[in-house]
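In: I would like the atomic coordinates for the input below:
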Amino acid sequence: MEELGFEIELLDLRKYFGQKELLRKDLQNIYVFYAIGGNTFVLRKAMQLSGFDELLLEYSNNSSYVG
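Out: All right, here's what the predicted structure looks like:
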């Protein structure tokens, strides 16, 4: 992705468990989300525990975001 000119920032959702507002703050300047690898059930649980799933729903109505 970097070779295509994208600036990559890795987010470990475990850092945000129970801290949805911190995650919201850290996502302010990120407009594209891409998830790779791992167990989909574990990723889904991490999305729930961090509030990322709720934030994705909020962002889905914002034309600035690509998902």
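
In: List the buried residues in stretch 5-17.
Out: Neighbour counts over stretch 5-17 (16 or more other C-beta atoms under 10 Å) mark 13, 16 as buried. For glycine as for every other residue, the C-beta is placed from the backbone atoms N, C-alpha and C.

In: My error: substitute stretch 27-43 in the last question.
Out: Neighbour counts using 16+ other C-beta under 10 Å place residue 27 of stretch 27-43 among the buried residues.

In: Once you drop chain neighbours, what's closest to residue 54?
Out: By the measure of C-beta to C-beta, 6 or more residues apart in numbering, the closest residue to residue 54 outside its immediate chain neighbours is residue 20, 6.9 Å from it.

In: From residue 55, how far out is that neighbour?
Out: Relative to residue 55, residue 20 is positioned 7 Å away (C-beta to C-beta, to the nearest Å).

In: And for residue 2?
Out: Look at residue 2 and residue 55: by C-beta to C-beta, they are 25 Å apart.

In: And the two? Which one has more around it.
Out: Set side by side, residue 2 and residue 55 show more neighbours around residue 55, with 18 against 7, by other C-beta atoms under 10 Å.

In: Give me the three-state assignment for that one.
Out: Three-state call for residue 55 (DSSP: H, G, I helix; E, B strand; the rest coil): helix.

In: Just the pLDDT at it, thanks.
Out: According to the model's per-residue confidence, residue 55 sits at a pLDDT of 93.

In: any weak-confidence spans in the chain?
Out: Within the chain, the stretches with pLDDT under 70 are 64-67.
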